[in-house]
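J.: based on what follows, work out the 3D shape:
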Amino acid sequence: MTYESTFICSPETPAEKLEELVEKAKKIIESNEGKLTLLQQLGRKKLAYPIAKFREGSYVYMEIAGPGKIVNALETLYKVNEAVIRSLTVKVEKKKPAKAAPAADAAPKEIKPEETAPAQTIPQEVKPEEVKADASTESAAS
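T.: Here you go, the predicted model:
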């Protein structure tokens, strides 16, 4: 399985401690028969909303291939470490190939008159003058 794991450390965390945390994560992945396919330290960024009274955080993004027990081990590492203020690990699904678009040279389908919906009759508006005229002619006729 393939997983994406991102964690955010407090902005007060020194670079050495952040590097130690990344190394611990690598060891956990390797000890659980996994492989780290991508590691990006995205640096310090502004948070969308304050987390634990911090407005900024140091982001680390990892792509991992391996069994599901890696996720549990990483989540435990994130929870135990005080420097980590937020984390998220998700399973990445394989993308299905897109369906091929219809050929451009294919002729459009012809619509037969029987296939179209029958026309609906819309009642016409009756003018008030016509109603009065009809009423006076009916009363005169009776």
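
J.: could you check how far residue 7 is from residue 97?
T.: Note on residue 7: its distance to residue 97, by Cβ to Cβ, to the nearest Å, is 32 Å. Heads up, the C-betas are built off the backbone N, CA and C, glycines and all.

J.: residue 59: helix or strand, and which one exactly?
T.: strand 54-65 (DSSP states H and E).

J.: I should have written residue 12 there, sorry.
T.: Applying DSSP H and E, one finds residue 12 in no helix or strand.

J.: tally up the residues packed near it, please.
T.: 10 (other Cβ atoms under 10 Å).

J.: pLDDT score for residue 16?
T.: As predicted, residue 16 sits at a pLDDT of 93.

J.: please pull out the lowest mean pLDDT helix or strand from the protein.
T.: helix 128-141 (a mean of 57; mean pLDDT, DSSP states H and E).

J.: who are the packing partners of the top helix by length along the chain?
T.: When the chain is scanned for its longest helix (criterion: DSSP state H), the result is helix 15-31. Helix 15-31 makes packing contacts with strand 2-9, strand 35-51, strand 54-65, helix 69-80 when contacts are defined by 3 or more Cβ pairs under 8 Å, 6 or more residues apart in numbering; DSSP states H and E.

J.: mean confidence for the longest one?
T.: Per-residue pLDDT values across strand 35-51 average out to 92.

J.: how close does residue 91 get to residue 64?
T.: 10 Å.
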